[in-house]
Every structure is written in C-alpha cells, then in structure tokens.
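> kindly generate the corresponding structure for this input.
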Amino acid sequence: MLELKNIVFEVREETGEIKRILDNVSLELDEDMFYVVTGPNGSGKSTLARIIMGIESPTSGRIILNGEDITEKSITE
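Residues are numbered from 1 along each chain as shown. Modelled structure (predicted):
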C-alpha cells in the first residue's frame, strides 16, 4: 500500500513569493488497484507523480510504502 500523508509542495517564484502547488494531499492507494488522477492543466497532477516517484521532495508530509517511510529516500532507493 502507498500512503501519502498531508503532502504539501511549495515553490518560490521569481518575485520571491511562495506558491503552493499541493496543499495537504492525503491518499491511500492499494497495490491491487489501478488509479487515474484527472484534473485541469496546472492542478498539480504531474507534481504529485514526481513526488511519488522521488523526483521531487515534498515541502512537508510523508510518503509511506508498505509501512516504510520513504519520504527522504532518493529516486534510486
């Protein structure tokens, strides 16, 4: 099972302003299921996928895979 707990992702814009891309996202995904994430352009779908894959790190929150916290692990781990 993959669990996302209170995932927040923020970026600093060129103006110095902080922009929140993901705001407190929590999900539980069973391994035997197929999931689809839909939404309009700019809604954070790709960012969410990059965080799950380990390409990006969340600003806050935890990623739990089969009971193990993998939030700080690299993409190769």
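> how far away is residue 34 from residue 25?
19 Å (C-beta to C-beta, to the nearest Å). C-beta coordinates here come from the backbone N, C-alpha and C atoms, glycine included.
> now the residue in the chain sticking out farthest from the centre, what's its secondary structure?
In terms of distance from the mean C-alpha position of the chain, residue 15 ranks first, at 24.4 Å (C-alpha atoms, centre = their mean). Following DSSP: H, G, I helix; E, B strand; the rest coil, residue 15 is assigned to coil.
> coming back round to it: who's more crowded, residue 34 and residue 25?
residue 25 (18 against 6; other C-beta atoms under 10 Å).
> I figured that one hits residue 4, correct?
Yes - using C-beta atoms under 8 Å, residue 25 is in contact with residue 4, at 5.8 Å.
> now do the shared contacts for these two.
Taking C-beta atoms under 8 Å, 6 or more residues apart in numbering as the criterion, residue 25 and residue 4 both touch residue 61.
> can you pull the buried residues of stretch 69-77?
Within stretch 69-77, the residues scored as buried using 16 or more other C-beta atoms under 10 Å are residue 71.
> span of that stretch from start to end?
Start and end residues of stretch 69-77 are separated by 12 Å (C-alpha to C-alpha, to the nearest Å).
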